[in-house]
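[1] Pasted the sequence and its predicted model underneath.
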Amino acid sequence: MTRYVAADTEVNRYPIGGGVANFPVTQFLFGARAGIRFGNIGLFGKIRPGFARYDTALYQPGIGTKFNLDIGGVLEFYSSKHIGVRVDFGDTIIFFGTNPIGSPTGLRTLGARNHFQGGFGGFVHF
């Protein structure tokens, strides 16, 4: 068993809905993960602050840049060839603030919203 603390960075692009997406966004997360490794398996907790930059869309004016906080866990599997697989799961909190969002007939304030965020990917380790 080995204990680890590491820097962790992620960039995501969500153009959900294509050209008429309600909330096209680019998300940046950067922070730390800490945990343990048992042979070829690692189990980590993560906390990553960041921000999301929302684009102006057809039906939505630009929301701007909003603070995010991602808290969760990471499960990693390592091979002897310095290649690994990673499964992320967590709660991403987006702080929209008090600015009204929506159409003129349906404006509302979102405040802070929680969203499950999961991911799967590969990586190279040394």
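    Nice, thanks for sending it over.
[2] Name every strand pairing with the helix or strand harbouring residue 4 and say which way it goes.
    Assigned by DSSP states H and E, residue 4 belongs to strand 2-14. Strands that pair with strand 2-14, judged by DSSP bridges, come out as strand 25-38 (antiparallel).
[3] pLDDT of the strand it pairs with, averaged?
    For strand 25-38, the mean per-residue pLDDT is 92.
[4] Tell me the buried residues in that strand?
    Neighbour-count burial for strand 25-38, counted by 16 or more other CB atoms under 10 Å, picks out 25, 27, 28, 29, 31, 33, 35. C-beta: built from backbone N, CA, C; applies to glycine.
[5] measure residue 80 to residue 126 for me?
    13 Å (CB to CB, to the nearest Å).
[6] Which one's more surrounded, those two?
    residue 80 (6 against 3; other CB atoms under 10 Å).
[7] rewinding a little: from the buried residues of strand 25-38, pick the one nearest residue 97.
    Residue 97 lies nearest to residue 25 out of those, by CB to CB, at 15.1 Å.
[8] got the contact list for the closest one?
    Taking CB atoms under 8 Å, 6 or more residues apart in numbering as the contact definition, residue 25 lies against 13, 14, 52, 53, 54, 55.
[9] how about the residues you listed, which pair is most distant?
    So, those by CB to CB: farthest apart are 13 and 54, at 11.8 Å.
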